[in-house]
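Peer 1: Have a look at this prediction, sequence included:
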Amino acid sequence: MSNVQRWRYEPDKPRQYAVDSGNAIQIGDLAYFEVDDVRAAGSMTYGDNLENSQMEFRHKFAGVAAQASASLATDPIRILSTGVFEFPCASAIWELHDLVAIDDNAGGTALTPQQVIKTLNPDAAIGRVVKAEASAVTEIMVELWSQYSAPALIEAGGEANVVRFFEDFFGLAVSTGGPWAVVDTGDATEAMVADDGGVFRLHIHATSEAEDAVLYFGDLANFSLTNLQRIRFRARVQTIPTDTVELVMGVVDAHNLDDDTVGTSCWFKLQNSADLLMESDDTATDEDDIDTLLNLVATKWHIFEIDFTDLTDIKFYMDGLVCTDAAPTTFVQATGATLVQPYFSLDKASGAGVADLDIDWIEILSLRD
């Protein structure tokens, strides 16, 4: 097929991989690993049937090519290891979260590098549908994930052993059920706001007083750090924190009105400025106020991610790019609480500082025991 940019949204976790010298790759190709380089899906040896070929491809799936590579070229190219893409598909009606696998050609002799098909086998799946289609279509929006973007999933026994939590804040009323709870102190507010797609806002008012606005699971911590793979969310700082206001976004074991005295935590942080910081505390190693060297701009949306696949080297991302400081600092979670919850907080001890945090959606990926 010709070069087609198929990525649509969500962090794409780009990787740079060398290309097999005898293999041409087009932008939009589904790519796989063979030893130490990547190749287009059509180059993989076809098995005795489609399903067996799909299962082999799933375990070698590297991602979607974002750059082309001519035959005989070996320079590394950019591969998107996860994200939401739009791909041609075998004509079908689709339900939300239907699993997808790579398709083959009409003759059943080779895999097609730019087409997917519905599957009921989680061990063949490379992704799932994110937009239902009530009538048969030949293009579909799918979230794809490479095994190499979350290594622990390789031995996890397939999609059935993966916990995926997703909140999009459509008509959410935290006081009427569901996992969410709020902390509301002083004139702070926590509520849905009128915005396209559903947005939850935490607000600190200018009243000179102690205030807290928190969205969390009410200290019902459901995610084991040993199984947690990532938390990812789309958020914007509508009003940059001023005076003594502090903002945090990430995970924690239990709520405390003083963010600096919690037990186990790992989060992004802003402290009375637009300066984006990172923090991690496992009660033994406390990495505090680590500067990403990035400044946020009020009203601008970003996609944030904290990757827990290696608890000896936790990674922070913003808009798909890794955040780091000059050192760089290594973040670990070796001791402390074993269970955590999502946690978004604005607070001030006193003063007339203000801040607004808007949260569009939250996704958590974890493994089951």
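Peer 2: Received the coordinates, thanks.
Peer 1: okay but Val38 is in contact with Ala24, surely?
Peer 2: No: using CB atoms under 8 Å as the test, Val38 is too far from Ala24 to be in contact (11.9 Å). From N, CA and C alone the C-beta is placed, and that goes for glycine too.
Peer 1: Those two: who's more crowded?
Peer 2: The neighbour count for Val38 versus Ala24, taken as other CB atoms under 10 Å, is higher for Val38 (25 against 17).
Peer 1: now that one, what's its secondary structure?
Peer 2: strand (DSSP: H, G, I helix; E, B strand; the rest coil).
Peer 1: does it have beta-bridge partners, and which?
Peer 2: Val19, Phe33 (DSSP bridges).
Peer 1: Can you tell me how far it is from Cys323?
Peer 2: 26 Å (CB to CB, to the nearest Å).
Peer 1: Lys118 now?
Peer 2: Distance from Lys118 to Cys323, counting by CB to CB: 37 Å.
Peer 1: mean confidence for stretch 358-369?
Peer 2: The average of the pLDDT scores along stretch 358-369 is 87.
Peer 1: Same question for stretch 316-332.
Peer 2: The average pLDDT within stretch 316-332 is 85.
Peer 1: before we move on, back to that, give me the more crowded residue out of Lys118 and Cys323.
Peer 2: For the pair Lys118 and Cys323, the greater number of neighbours falls to Cys323 (22 against 18), based on other CB under 10 Å.
Peer 1: That one contacts Ile290, correct?
Peer 2: No: judged on CB under 8 Å, Cys323 makes no contact with Ile290 at a distance of 9.0 Å.
Peer 1: in the chain, which spans are helices?
Peer 2: 50-60 (DSSP state H).
Peer 1: what about it, any weak spots by pLDDT?
Peer 2: 1, 11-13, 147-161, 171-178, 196, 320, 336 (pLDDT under 70).
Peer 1: middle-most residue in it, spatially?
Peer 2: Closest residue to the average C-alpha location of the chain: Arg232 at 3.8 Å, with CA atoms, centre = their mean.
Peer 1: Does it have any beta-bridge partners, and if so which?
Peer 2: Glu305, Glu363.
Peer 1: List the contacts of it.
Peer 2: 10-11, 303-306, 362-365 (CB atoms under 8 Å, 6 or more residues apart in numbering).
Peer 1: Of those residues, which pair is most distant in space?
Peer 2: Glu10 and Ile306 (15.2 Å; CB to CB).
Peer 1: If you count surrounding residues, which of the two has more?
Peer 2: Ile306 (23 against 19).
Peer 1: shouldn't Gly28 be in contact with Gln114?
Peer 2: Yes: with contact defined as CB under 8 Å, Gly28 counts as touching Gln114 (5.3 Å).
Peer 1: residues near the residue nearest to Cys266 when sequence neighbours are not counted, how many?
Peer 2: Once flanking residues are discounted, Cys266 sits nearest to Ser280: 4.5 Å by CB to CB, 6 or more residues apart in numbering. Ser280: 23 surrounding residues under other CB under 10 Å.
Peer 1: so what's Pro14 bridging to?
Peer 2: Leu80.
Peer 1: if I look at it, how far off is Gly83?
Peer 2: In terms of CB to CB, Pro14 sits 9 Å off from Gly83.
Peer 1: who's more crowded, the two?
Peer 2: Applying other CB under 10 Å to Pro14 and Gly83 shows that Gly83 carries more neighbours, namely 24 against 17.
Peer 1: Using PDB, write out the CA atom coordinates for stretch 124-132.
Peer 2: Output of stretch 124-132 as PDB, limited to C-alpha atoms (Å, rounded to 0.1, in the frame of the first residue of the first chain):
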ATOM      1  CA  ALA A 124      -4.300 -13.000  18.300                       C
ATOM      2  CA  ALA A 125      -5.400  -9.500  19.200                       C
ATOM      3  CA  ILE A 126      -3.200  -6.400  18.700                       C
ATOM      4  CA  GLY A 127      -5.900  -4.000  19.800                       C
ATOM      5  CA  ARG A 128      -9.500  -3.100  20.300                       C
ATOM      6  CA  VAL A 129     -12.200  -0.900  18.800                       C
ATOM      7  CA  VAL A 130     -12.800   2.500  20.300                       C
ATOM      8  CA  LYS A 131     -15.800   3.600  18.300                       C
ATOM      9  CA  ALA A 132     -18.800   1.300  17.600                       C
END
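Peer 1: In that stretch, which of the residues would be classed as buried?
Peer 2: 124-130 (16 or more other CB atoms under 10 Å).
Peer 1: for stretch 59-66, same thing?
Peer 2: Under the neighbour-count criterion of 16+ other CB under 10 Å, stretch 59-66 has 60-66 buried.
Peer 1: For Phe223, which residues count as its bridge partners?
Peer 2: Going by DSSP bridges, Phe223 forms beta bridges with Val340.
Peer 1: shouldn't it be in contact with Leu365?
Peer 2: No: assessed by CB under 8 Å, Phe223 is found out of contact with Leu365, at 9.7 Å.
Peer 1: residues shared between the contacts of these two?
Peer 2: What both Phe223 and Leu365 touch, as defined by CB under 8 Å, 6+ apart, is the set Val163.
Peer 1: show me what contacts Glu363?
Peer 2: Glu363 neighbours (CB under 8 Å, 6+ apart): 164-167, 230-233.
Peer 1: quick one: it and Ile231, what's the gap?
Peer 2: 7 Å.
Peer 1: Quickly list the domain ranges of this structure.
Peer 2: 7-149, 166-367 (automatic domain parsing).
Peer 1: re the thing from before, now do the contacts for the residue nearest to Cys266.
Peer 2: 265-267, 286-287, 314, 331-333.
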